[in-house]
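> Predicted model follows, preceded by the sequence.
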Amino acid sequence: MQRSDRVGDEIQKVVADLIQNEIKDPRLPPMVSVVEVRASRDLSHAHIYISVLGTEQQKKDCAAALKSAGGFMRREVARRVRLRVSPELHFVFDESIERGIRMSRLIDEAMEGISPDDSDS
């Protein structure tokens, strides 16, 4: 495991804690999770993959809230992870969970259309 991977894991824990416990912005929906953090090799950048279950408007509001809290989170990450260089935080929405939910619904709908007699053949 590379140092950037270990630092990414630590940043993920810190950012998740900040979002859940420190940032009191009403634009943040209750179902926000930090899926993954990928830090660059020189640790100057960290791409933070966020999952938000909600409407498109809630996602836009969440993006605005994260952008406005970005400076605070960057300082806290540098302080808590104890890095010489504070990485620039880039928030990216991860759609994989929503895609999985949609696929599951489609499979359920397709299975409803199959009668029990059809499944034997």
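Great, that's in hand.

> Got the phi and psi for the residue lying closest to Glu22 once chain neighbours are set aside?
Nearest residue to Glu22, sequence neighbours excluded (CB to CB, 6 or more residues apart in numbering): Glu76, at 7.4 Å. The C-beta positions use only the backbone N, C-alpha and C, and glycine is treated the same way. The phi/psi pair for Glu76 (degrees, to the nearest 10) reads phi -70, psi -40.

> correct me, but Glu76 touches Ala16?
No: in terms of CB atoms under 8 Å, Glu76 does not count as a neighbour of Ala16; the distance is 11.9 Å.

> where's the residue nearest to Glu22 relative to Ser96, distance?
27 Å (CB to CB, to the nearest Å).

> neighbour-wise, which of the two wins?
Each of Glu76 and Ser96 has its neighbours counted (other CB atoms under 10 Å); Glu76 has more, 18 against 11.

> middle-most residue in the protein, spatially?
Ile50 (1.6 Å; CA atoms, centre = their mean).

> Packing partners of the strand or helix carrying that one?
Using DSSP states H and E, Ile50 sits in strand 45-52. Using 3 or more CB pairs under 8 Å, 6 or more residues apart in numbering; DSSP states H and E, the elements in contact with strand 45-52 are helix 3-17, strand 32-39, helix 56-68, strand 88-93, helix 96-112.

> tell me the angle the helix or strand of the chain with the lowest mean pLDDT makes with strand 45-52.
Among the helices and strands of the chain, helix 96-112 carries the lowest confidence by mean pLDDT, DSSP states H and E, at a mean of 84. Taking axes from the mean of the first three to the mean of the last three CA atoms, to 10 degrees, one finds that helix 96-112 is oriented at 40 degrees with respect to strand 45-52.
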